[in-house]
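When you get a sec, could you give me coordinates for this:
(chains A and B)
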Amino acid sequence: MVAPWLNRRRLRFWAGRLAHMALVVLGIAVVNFFLLHLAPGDAAQVLAGEAGSATPEYMAALRRQFGLDQPLPVQFAQYLGNLLTFNLGFSFRHGLPVLELIGQRLPATLLLMTASIGFAVLAGSALGVVAARNAGRLADTLISTLALLFYATPVFWIGLVLVVVFSVGLDWLPVGGMTSVEAGYAGWDHVRDVARHLVLPAATLGLFYLAIYTRLMRAAMLEVTTQDFIRTAVAKGLKPRRIALRHVLRNALLPVVTMLGVQVGSILGGAVLVETIFAWPGLGRLAFEALFQRDLNLLLGILLCSSAVVVVVNLAVDLLYTVLDPRIELAR
Amino acid sequence: MTHASQPVLEVEDLSIRFLERGRSLLAVRNLSFQVARGETLAIVGESGCGKSITALALLGLVPPPGRAEGRAIRLEGRNLLGLGPEALRDVRGRRIAMVFQEPMTTLNPVLTIGEQIVETIRDHEPVGRREARDRALALLERVHIPDPVRRFGEHPHRLSGGMRQRVVIAMALACNPAVLVADEPTTALDVTIQAQILDLIDELKQGGMGVVLITHDLGVVAGHAERVLVMYAGRKVEERAAAALFADPLHPYTRGLIAARPRRRVEGGERSRLTEIPGTVPSLAAMPPGCAFAPRCALATTDCTAAEPPLTSLGGTSLEDGRVACLRVGEFLVPNHSLPHARLA
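Numbers count the residues shown, from 1 in each chain, chains lettered A, B, ... in the order given. As a prediction, this is how the structure comes out:
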């Protein structure tokens, strides 16, 4: 006897969905593998270049050590074999297993992503609601103009300006990094310290998305307002607040959630830039470095990890749909 | 009529004006009518004649570029014209409620049926969650929804069109309104369901509620309304007791509407051709001079286009008290007149 919530239909959904997710991640891994091997140069060349000079014998030895002397199909088979045992390989550059490196950096990136997306969705939605409720008036014009400005301004430029204003000029917030290493905070002081470091990178990464959510929410609110059931709500004599929050906002959230699912993938890309500007010790910067050092094992591991994050977030979004809109049901 | 003819709703001289590019257009002109307790007044006309906007005006819901003006919309003695937004909100849903045409879209798809009834009650009366829930269940029962406890927690998409319209009616009845305005409540429904919904409204008004039934379909009116008000181009052209109107329609437009009703074929008889009124309702921006119906009227004379015919009382000249706006109405009123209805077209 299974638990009542785990009926056959749900069981089938989950089985199908998990298999589907695994296939997608595997597919991405395969494409990544061949794409990265198309790029000229390898780790041995980079190491040799940094050393200033190297004999062909030394390079051959390096390649043998890294397994780079094997033919591509053999390397691929090894890679696949490793993947199926959740072994992401070894980063010769860092001298650490890839999984360990990712484990060190992933929390920082997840923190940055969550903070910036949370900021973008919450503040963007709030601004969108205010703009829609004042459509055509001054507040709407101000918010819409501001949103357009954030939308059009390059992320790195916003980051630099924020640093110049809030760190250099006003000295309110740290310039970069994730912790004040020298202070050695612990407990709540540590949390507060990280939060202070988080403000600027999260705002930089979030402002662009905030603009998108503001515009999306404004449009969705206005669209829902014209629906028949809103006229019904008004005719029922409901209080304006209840109409706005319960009837309009609730329905306007659906496109926002859709956008959220799409953007989690792209926000990882944005993280590379922001982590570089703010010296944030996350996956984005690690990937950036790995790319230049031809540390393919590490790069493949990071890409695999981020594709897994995207796939999981998409699942979460689908589940969120069924909560928000009862007309949508889980099915495969 | 089950109750004394104390009007629960009195509309006096209502006009609805739209300002469009500096021009002022009247969608409804100088409309007056009354609805008694327990009475159904049907407002009939083709689309574009101003009946739906009149319905919205009764709840103070004329959409922004438009404005309702005139002497009064008096609900239980209280004039709604000139009430502030909060006072109007308080009246809406509590003393006057509305049922709309399209039950598929009038309910919020993401809220349960129960939630949508409960919120109506709780935004008007200081009742607790439990009591509101009990009342909502009783309402669902009152509109004959089977298994109300289960339906209470379901979302609208699980219900058929007829069921949803019952839910919309239950929502409208949530605070026991004095007047129910039903704007084409059966137009979107199957024929069999139409009759059920109309019967339900009949049943509910036994409690003394006044009903304003807006429809383009005279078939809906017969048997469900005590009085009929025929509108054309924003103006009342005829108002009569329903039985008298069907037996002896006076205004050529009313005759046209009755002739245009699809009728069941008599057993073995020939299928009669559907007659229609030639032409269309004039646009507000291009009203013909004189009687607005004259360009489509087979009986129009040059006098008809000279000046708008006044709304004259039939009191004394006919069997009952009605009003008609037609210059030639006197000619139709000769004893035993035999003007054929179909000669119009």
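
how many neighbours does the nearest residue to B:I121 once chain neighbours are set aside have?
Closest residue to B:I121 apart from its sequence neighbours, by C-beta to C-beta, 6 or more residues apart in numbering or on different chains: B:A132 at 4.6 Å. For the C-beta atoms, the positions are set from N, CA and C on the backbone; glycine is no exception. Neighbour count of B:A132, defined by other C-beta atoms under 10 Å in any protein chain shown: 19.

how about the one helix or strand B:A132 maps to: buried residues?
Secondary structure from DSSP states H and E places B:A132 in helix B:129-142. Going by neighbour count (16 or more other C-beta atoms under 10 Å in any protein chain shown), the buried part of helix B:129-142 is B:A132, B:R133, B:R135, B:A136, B:L137, B:L139, B:L140, B:R142.

do stretch B:222-235 as well
By neighbour count on 16+ other C-beta under 10 Å, the buried set for stretch B:222-235 is B:222, B:224-235.

would JSON lines of the residues you listed with distance to B:C49 and pLDDT be doable?
Listed next are the buried residues of stretch B:222-235 as JSON lines, based on distance: C-beta to C-beta, whole Å; pLDDT from 0 to 100:
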{"residue": "B:A222", "distance to B:C49": "19", "pLDDT": "83"}
{"residue": "B:H224", "distance to B:C49": "20", "pLDDT": "89"}
{"residue": "B:A225", "distance to B:C49": "17", "pLDDT": "90"}
{"residue": "B:E226", "distance to B:C49": "21", "pLDDT": "90"}
{"residue": "B:R227", "distance to B:C49": "17", "pLDDT": "91"}
{"residue": "B:V228", "distance to B:C49": "14", "pLDDT": "92"}
{"residue": "B:L229", "distance to B:C49": "11", "pLDDT": "93"}
{"residue": "B:V230", "distance to B:C49": "9", "pLDDT": "92"}
{"residue": "B:M231", "distance to B:C49": "5", "pLDDT": "92"}
{"residue": "B:Y232", "distance to B:C49": "6", "pLDDT": "90"}
{"residue": "B:A233", "distance to B:C49": "6", "pLDDT": "89"}
{"residue": "B:G234", "distance to B:C49": "7", "pLDDT": "88"}
{"residue": "B:R235", "distance to B:C49": "9", "pLDDT": "89"}
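
would you turn those into a markdown table with distance to chain A?
Converted to a markdown table, the buried residues of stretch B:222-235 look like this (distance: C-beta to the nearest C-beta, whole Å):
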| residue | distance to chain A |
| --- | --- |
| B:A222 | 27 |
| B:H224 | 22 |
| B:A225 | 22 |
| B:E226 | 24 |
| B:R227 | 24 |
| B:V228 | 24 |
| B:L229 | 21 |
| B:V230 | 25 |
| B:M231 | 21 |
| B:Y232 | 26 |
| B:A233 | 25 |
| B:G234 | 22 |
| B:R235 | 25 |
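
for those residues, which one is nearest A:A316?
For the buried residues of stretch B:222-235, the minimum distance to A:A316 (C-beta to C-beta) is 52.2 Å, reached by B:H224.

now that closest one: how far from B:H251?
Distance check for B:H224 against B:H251: by C-beta to C-beta, to the nearest Å, it reads 21 Å.

dump the residue contacts of the closest residue to chain A within the stretch 1-150 of chain B.
Closest residue of the stretch 1-150 of chain B to chain A, C-beta to the nearest C-beta: B:G93 (3.1 Å). Residues near B:G93 by C-beta atoms under 8 Å, 6 or more residues apart in numbering or on different chains: A:A235, A:K236, A:G237, A:L238, B:T120, B:D123, B:H124, B:A172, B:A174, B:C175, B:P177.

ditto for B:E154
B:E154 makes contacts with B:T112, B:I113, as judged by C-beta under 8 Å, 6+ apart.

let's see 6 Å
B:I113 (C-beta atoms under 6 Å, 6 or more residues apart in numbering or on different chains).

Surely it is within a strand?
No: per DSSP: H, G, I helix; E, B strand; the rest coil, B:E154 lies outside any strand segment and is coil.

Can you tell me, leaving aside adjacent residues, what's nearest to the residue of the stretch 1-150 of chain B closest to chain A?
Nearest one to B:G93, counting by C-beta to C-beta, 6+ apart, is A:G237 at 3.1 Å.

likewise B:G322?
Of all residues beyond its chain neighbours, the one nearest B:G322 is B:R240 (3.8 Å), with distances taken as C-beta to C-beta, 6+ apart.

residues touching the residue nearest to the spatial centre of chain B, list them.
Nearest to the geometric centre of chain B sits B:I214, at 2.0 Å (C-alpha atoms, centre = their mean). Listed by C-beta under 6 Å, 6+ apart, the contact set of B:I214 reads B:I43, B:K51, B:A55, B:D183, B:E184.
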